[in-house]
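**Q** sequence-free structure coming up:
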Ligand SMILES: [Zn+2]
């Protein structure tokens, strides 16, 4: 399987070593707000990558960090007057909730940055000792120019980096390129004790402290959105490779494209910020996944009403087929296996999800067009849907709630037979509040939702 690696700017084959697991780290959210559709886009992609690697029987450990201390969180505290704990607790719970609904369930472990303060302090101390970092009045900084490879990931030389460096008010810094490893406490900020006084970690060091704890100084895959390449990922390389002197920090750097809303990059300041929670009110999680996965992971995805309405229609067609074959016995035979192979094959080529979706929808369309199917054919379709679901998470399947609905419906029918129309109506009205309609006909009662 090939993936496009940002550092070498080329397609690289993912190598696995006998008996060794593959380690993957993806930058998690900074939890100053509820998760937005940009998060959904990024994490649906890495979820499919993880699912597919496991589908290929590759042992994978998928680690994600949760940035629970960072400038944005401090700003949020100041803007809202809410406590640090309140902000990070509510937003991280909401993150886990919506990721679950979106079926992003492949992460092995979520590491909260503030659980790794002692590991962070150890890394900063090593960098000072090796001459890569220095302490000034407001914190500890990394001496970017000392690391000869600084700029190798973002393909920039020091002059270009200088132009890009924000004009800093901090005159004590040796160089505008130097970045914070430790920030000393300001009034009202959460802080932890350190050899440099009370303070909090810089953003980039959180990740290397976490990955070193789990994977050591080198690991396989690092993911995140494209806008993290510089300075975030560039600085991670500088930190870890300066500490360990073991290159490369990461074998495959995989970066995802942005999410646009109505063709404009989503940002809070533009007020086109769509939370996952809002989108899920109107669309199935499968529709959101289909929309995201219909575009190449490194291209920009556009979230507009039409794209998501189309994806919802697609998700419903898949679901109709699923319902049609659900009661049949799953049939795994050569023909069905060939179909699955054909559908998933594009993933070998740099995780080409749009091609896989296209192949799959062709199969769904052909299957729905069949007026009569044998039990065996139904069983084969069921097998294909099951296998595709394992990797893509786009088959809407609600067997359990449906069965519970049948139980409710049968009980209500019994009440009606006994003449207890009051209780029967009460059930009907409560279900209506949940968006489920009961239709009573001469032949019996039916449910619609
Ligand atoms: Zn990160």
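**A** Cool, the structure landed. Quick caveat, the model's predicted, so the values are computed rather than measured.
**Q** Okay, now the unreliable bits of the stretch 1-150 of the chain?
**A** Applying pLDDT under 70 to the stretch 1-150 of the chain flags no residue at all.
**Q** Likewise for the stretch 151-300 of the chain?
**A** Ranges of the stretch 151-300 of the chain meeting pLDDT under 70: 164-169, 266-272.
**Q** where's whatever residue of it ends up closest to the ion relative to residue 119, distance?
**A** In the stretch 151-300 of the chain, the residue found nearest to the ion is residue 207; the distance is 4.2 Å by Cβ to the ion. For every residue, glycine as well, the C-beta is placed using N, CA and C. Per Cβ to Cβ, to the nearest Å, residue 207 is found 11 Å from residue 119.
**Q** Run through the residues that contact the residue of the stretch 151-300 of the chain closest to the ion.
**A** 25, 27, 65, 232, 236 (Cβ atoms under 8 Å, 6 or more residues apart in numbering).
**Q** Quick one: neighbours of the residue of the stretch 51-200 of the chain found nearest the ion, just the number.
**A** Closest contact between the stretch 51-200 of the chain and the ion, by Cβ to the ion, is at residue 65 (6.2 Å). Other residues within reach of residue 65, judged by other Cβ atoms under 10 Å, total 23.
**Q** Am I right that it falls within a helix?
**A** No: under the criterion used here (DSSP: H, G, I helix; E, B strand; the rest coil), residue 65 is strand, not part of a helix.
**Q** Checking residue 253 next. Helix, strand or coil?
**A** On the basis of three-state DSSP, residue 253 is classed as strand.
**Q** Now do the same for the residue of the stretch 151-300 of the chain closest to the ion: helix, strand or coil?
**A** helix.
**Q** Ok, the one 5 residues further on next?
**A** Per three-state DSSP, the local secondary structure of residue 212 is helix.
**Q** cool, and residue 155?
**A** Residue 155 is classified as coil under three-state DSSP.
**Q** Would you mind naming what in the chain lies close to the ion?
**A** Counting by Cβ under 5 Å from the ion, the residues of the chain close to the ion are 27, 207.
**Q** which phi and psi does the nearest residue to residue 346 once chain neighbours are set aside have?
**A** Closest residue to residue 346 apart from its sequence neighbours, by Cβ to Cβ, 6 or more residues apart in numbering: residue 355 at 3.4 Å. For residue 355, the backbone dihedrals (degrees, to the nearest 10) come out as phi -70, psi -40.
**Q** Pull up the gap between residue 355 and residue 296, please.
**A** For residue 355, the distance to residue 296 - Cβ to Cβ - is 9 Å.
**Q** Grab the nearest non-local neighbour of the residue in the chain positioned nearest to the ion.
**A** For the chain and the ion, the shortest gap (Cβ to the ion) falls at residue 27, measuring 3.2 Å. Spatial nearest neighbour of residue 27, excluding adjacent residues (Cβ to Cβ, 6+ apart): residue 224 at 3.8 Å.
**Q** contacting residues for that neighbour?
**A** Counted by Cβ under 8 Å, 6+ apart, residue 224 has contacts 26-27, 42, 232-233, 255-256.
**Q** What subset of those is buried?
**A** For the contacts of residue 224, a neighbour count by 16 or more other Cβ atoms under 10 Å gives the buried set as 26-27, 42, 232-233, 255-256.
**Q** So which of these is the closest to residue 12?
**A** Ranked by distance to residue 12 (Cβ to Cβ), the buried ones among the contacts of residue 224 are led by residue 255 at 13.6 Å.
**Q** Residue 226 is in contact with that closest one, correct?
**A** Yes: the criterion here is Cβ atoms under 8 Å, and residue 255 meets it with residue 226 at 4.6 Å.
**Q** So for these two, which residues contact both of them?
**A** residue 298.
**Q** still on that earlier bit, now, the buried ones among the contacts of residue 224 that are in strands?
**A** Of the positions in the buried ones among the contacts of residue 224, 26, 255-256 sit in strands, assigned by DSSP state E.
**Q** Kindly reformat those residues as a markdown table and extend each row with distance to residue 9.
**A** A markdown table is the format used below for these (distance: Cβ to Cβ, whole Å):
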| residue | distance to residue 9 |
| --- | --- |
| 26 | 20 |
| 255 | 11 |
| 256 | 16 |
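**Q** measure stretch 273-292 end to end?
**A** 16 Å (Cα to Cα, to the nearest Å).
**Q** Please state the offset of it from the chain centre?
**A** 13 Å (Cα atoms, centre = their mean, to the nearest Å).
**Q** picking up where we left off before, so the residue nearest to residue 346 touches residue 344, yeah?
**A** No: with contact defined as Cβ under 8 Å, residue 355 does not reach residue 344; the gap is 10.0 Å.
**Q** quick one, which of the two is more surrounded?
**A** Neighbour count, other Cβ under 10 Å: between residue 355 and residue 344, residue 344 has more, with 21 against 16.
**Q** Could you check the pLDDT of the more buried one?
**A** With respect to pLDDT, residue 344 has a value of 98.
**Q** in terms of contact, does it touch residue 353 like I think?
**A** No: checked against Cβ under 8 Å, the pair residue 344 and residue 353 is beyond contact range at 10.3 Å.
**Q** if we can go back for a sec, can you mark which positions in the helix or strand in which the residue nearest to residue 27 is found are buried?
**A** Here residue 224, judged by DSSP states H and E, is contained in strand 219-225. If you call a residue buried by 16+ other Cβ under 10 Å, then strand 219-225 has these buried ones: 219-225.
**Q** could you point out which element follows it?
**A** helix 234-244.
**Q** So which residues make contact with that following helix?
**A** Under Cβ under 8 Å, 6+ apart, the answer for helix 234-244 is 123, 126-127, 130, 132, 142, 144, 146-147, 149-154, 179, 181, 204-205, 207-208, 211-212, 217-218, 222, 247-250.
**Q** From the chain's centroid, how far away is that helix?
**A** Worked out by Cα atoms, centre = their mean, helix 234-244 lies 25 Å from the chain centre.
**Q** buried set for it?
**A** So helix 234-244, judged by 16+ other Cβ under 10 Å, has buried residues 234-243.
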